[in-house]
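J.: need a structure here:
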Amino acid sequence: MKILNKKKNLPEEKYPKEMLLNLYRTMVRIRSFEEHAAECFTKGMLAGNIHLSIGQEGAEAGAFAAIGPQDYFTSTHRGHGHAIARGADPKLAMAELFGKKTGYCKGKGGSMHIADFSIGMLGANGVVGGGYNLATGAALAFKNVLKTDQVAVVFFGDGASNRGTFHEAMNAASAWKLPVIFVNEMNCWASTTPYRTTCNVENISDRAAGYHIPGVVVNGQDPFAVYEAAKAAVERARAGEGPTMIECKTYRIEGHFVGDPELYRSKEETMKIFHDTDPLKKFREKMAESMNNLVTSAECDEIDAKVDAKIKAAKEFAMDSKQPDASEYMKFVYAD
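T.: All right, here's what the predicted structure looks like:
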């Protein structure tokens, strides 16, 4: 009996192996951080709400692989993944979720307001659509004040695309050819509302044409597709050709927040989508198809173990850290 070799040459073979490993490592770091955060929340260890990006790791890893260390970005209320993908310290991020003084914002920002200017993170934002004009303003400063080739990136969901700030920022960015990239993580849900019940276009990126901005649709579960689109957008922005909008088709696997009863959708359907599109699983499957063993299963297993240990250490750090002193509650509220 003849045994067919199903392995094949893949387009991904053009990438350096270290980049492949980094893409997988980034996705695993996001997944592990979110899973540990969810566990802590369900045990009553965290206050407030937390919003997870499980299932959207491919879009986040791919986008951040394309931007440089000099570039800036704004995040959302579902922003842990953006911070982790950019290289945020998981200890400081987890401590912020715990409201501890060792956190990024000294325990005063919490899950929805993590910021770290040292890595170009202008902040997560509890206001839906709150990041558009911050990123557009940063791009305006890069072009007209600092006169650098830096780029600003704004992440947003499909619900935020119906906010007025979306159109204000798109119009300004187009009119002034600003180096800003609009990255839409189209996860199909605006809180508890299906996307197509509030918008009469097939793709959110179709709206970009109204501002003479290129609109690109990519598979958000494929970090390579996202990387290529983001790379082209960054090159375009640095060349002075203005903004781009990238729509990453993905899916929000968890509820709007941890503890969401999700009465608006079927859990069975969600789990089937996750089974079919999980970006970590799809990455491993794709690497297994490679004729040249781009990344082996053993290498992925090793990354899984190392990342899990690192996130567990971050959780322990957060648990052991001290609460902010009550006397400091007004500190940093006003400028000196």
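
J.: shouldn't Val201 be within a helix?
T.: No: assessed with DSSP: H, G, I helix; E, B strand; the rest coil, Val201 is coil; it does not lie in a helix.

J.: what's the neighbour count on it?
T.: When neighbours are counted by other C-beta atoms under 10 Å, Val201 registers 11. Placement of C-beta: from N, CA and C, glycine included.

J.: same deal with Glu302?
T.: Quick note: Glu302 (other C-beta under 10 Å) scores 12 neighbours.

J.: now for the helix or strand containing Glu316, which elements pack on it?
T.: Element membership for Glu316, per DSSP states H and E: helix 297-320. With contacts defined as 3 or more C-beta pairs under 8 Å, 6 or more residues apart in numbering; DSSP states H and E, the packing partners of helix 297-320 are helix 17-42, helix 90-97, helix 279-288.

J.: where do the strands sit along the stretch 1-150 of the chain?
T.: Assigned by DSSP state E, counting those that start in this stretch, the stretch 1-150 of the chain shows strands spanning 72-74.

J.: any stretches of it with poor pLDDT?
T.: 1-7, 9 (pLDDT under 70).

J.: show me where it has its helices.
T.: With helices called from DSSP state H, counting those that start in this stretch, the stretch 1-150 of the chain shows them at 17-42, 57-64, 80-86, 90-97, 132-141.

J.: out of those, deepest packed?
T.: Of all the helices of the stretch 1-150 of the chain, helix 57-64 has the most neighbours on average by mean count of other C-beta atoms under 10 Å, namely a mean of 30.

J.: what angle do that helix and helix 279-288 make?
T.: 80 degrees (axes from the mean of the first three to the mean of the last three C-alpha atoms, to 10 degrees).

J.: I'd assumed Asn49 was in contact with Phe257.
T.: Yes: with contacts defined as C-beta atoms under 8 Å, Phe257 counts as touching Asn49 at a distance of 4.3 Å.

J.: could I get the helices of the stretch 1-150 of the chain as TSV with distance to Gly220?
T.: Below are the helices of the stretch 1-150 of the chain laid out as TSV (distance: least, C-beta to C-beta, whole Å):
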stretch	distance to Gly220
helix 17-42	12
helix 57-64	4
helix 80-86	12
helix 90-97	22
helix 132-141	19
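
J.: Asn292: which of those helices is closest?
T.: helix 17-42 (9.8 Å; C-beta to C-beta).

J.: other SSEs contacting the closest one?
T.: On a contact count with 3+ C-beta pairs under 8 Å, 6+ apart, helix 17-42 meets helix 57-64, helix 80-86, helix 90-97, helix 223-238, helix 279-288, helix 297-320.

J.: tilt between it and helix 279-288?
T.: Here helix 17-42 runs at an angle of 150 degrees relative to helix 279-288 (the same axes, to 10 degrees).

J.: one step back: out of the helices and strands packed on helix 297-320, which is closest to Val145?
T.: helix 90-97 (29.6 Å).
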